[in-house]
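**Student:** any chance you can model this:
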Amino acid sequence: MPTRYEINQLEKEESWRLFRIIGELVEGFDALSQITPAVTVFGSAQARPGDFAYEMAEAIGREIAKADFTLVTGGGPGVMEAACKGAFEAGGKTVGLNIELPQEQQSNRYTTISLHFHYFFVRKVMLVKYATAFVLLPGGFGTLDELFETVTLIQTHKIRPFPMILVGREYWRGLLDWLRNQPVARGYLAATDPNFLIVTDDPAEVMEHITQFYRGQAMDLSVTE
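**Tutor:** Here you go, the predicted structure:
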């Protein structure tokens with residue numbers, strides 16, 4: 001009778017991977033549990049000084065720090081660096097949640113708390129878990145992934161209806177038109193679902209939306225479940 005192994009090699013590797021996942025979650029929870037209130041900023045790692053997205057991110061980071069919110073970003077270059085730079089130079093607290101990539105994304109030098117993750121999904125948990133608002137600047141697949149995952153969590157009541165602010169009217173116009181003309185028109189989204197997304201080109205208005213939301217809701221800034 002052939003020997004029956006309880007754990008084959010593949011299963012063993014998968015089981016050990018769980019410990020690394022748990023370790024990353026625990027490290028993130030320990031490091032970030034006291035950072036609230038916080039605002040997470042998403043956007044392209046490819047933005048450069050002088051670009052619309054870079055300059056807007058820096059100005060928004062400054063406004064976030066002035067309002068005594070902690071800034072949370074993916075910790076890399078581009079929009080992430082710009083937002084951290086603005087907040088850091090204004091005396092704010094900045095969190096960088098970096099990811100291990102084949103092309104090795106470097107941490108920017110403007111973070112006061114810096115963590116590194118191997119798993120994208122663990123990193124995304126941390127980007128959302130402690131945030132009390134989300135700001136999205138122009139970006140690519142990663143930014144769109146973060147946009148749709150976060151708005152889905154709001155739509156399905158997994159997190160509170162925190163402000164989701166899209167910066168760059170011209171950049172986001174086509175996407176918003178598509179949402180209304182396709183998913184909404186076909187009944188895949190409710191007509192009110194796109195209203196989760198606020199659009200502006202004004203850094204000061206970003207913080208106005210966030211602070212007005214909390215005044216209107218009369219709710220605390222504690223973390224979500």
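**Student:** first-to-last residue distance for stretch 44-63?
**Tutor:** 20 Å (Cα to Cα, to the nearest Å).
**Student:** can you give the contact residues for it?
**Tutor:** 41, 43, 71, 74, 76-80, 82-90, 92, 94, 105, 135, 137-140, 142-143, 167-168, 201, 203-204, 206-207 (Cβ atoms under 8 Å, 6 or more residues apart in numbering). Bear in mind the C-beta positions are built from the backbone N, C-alpha and C, glycine included.
**Student:** just the buried residues of those.
**Tutor:** Neighbour counting with 16 or more other Cβ atoms under 10 Å marks 41, 43, 71, 74, 76-80, 82-88, 90, 92, 94, 105, 135, 137-139, 142-143, 167-168, 203, 206-207 as buried within the contacts of stretch 44-63.
**Student:** restricted to helices, list the residues you listed.
**Tutor:** Taking DSSP state H as the definition of helices, the buried ones among the contacts of stretch 44-63 contribute 79-80, 82-88, 142-143, 203, 206-207.
**Student:** residue ranges with poor pLDDT in this protein?
**Tutor:** Low-confidence regions of the chain, defined by pLDDT under 70, span residues 1-12, 104, 217-225.
**Student:** now for the longest helix along it, which elements pack on it?
**Tutor:** Of all the elements of type helix in the chain, the one with the most residues (DSSP H) is helix 9-32. Contact partners of helix 9-32 among helices and strands, from 3 or more Cβ pairs under 8 Å, 6 or more residues apart in numbering; DSSP states H and E: strand 113-117, helix 120-129.
**Student:** make TSV out of the ones you listed and add mean neighbour count.
**Tutor:** Converted to TSV, the helices and strands packed on helix 9-32 look like this (neighbours: other Cβ atoms under 10 Å):
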stretch	mean neighbour count
strand 113-117	18
helix 120-129	19
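**Student:** redo the ones you listed as JSON lines? Include distance to A65.
**Tutor:** Formatted as JSON lines, these follow (distance: least, Cβ to Cβ, whole Å):
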{"stretch": "strand 113-117", "distance to A65": "14"}
{"stretch": "helix 120-129", "distance to A65": "18"}
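**Student:** tell me how far L97 lies from I35.
**Tutor:** Per Cβ to Cβ, to the nearest Å, L97 is found 11 Å from I35.
**Student:** so which of the two has more stuff around it?
**Tutor:** Between L97 and I35, counted using other Cβ atoms under 10 Å, the more crowded position is L97 (27 against 19).
**Student:** contacts for the longest helix of the chain, please.
**Tutor:** 7, 95, 97, 113, 115, 117-119, 122, 125-126, 129-130.
**Student:** make it 6 Å
**Tutor:** Helix 9-32 is contacted from outside by L115, F117, V122, M126, Y130, using Cβ atoms under 6 Å, 6 or more residues apart in numbering.
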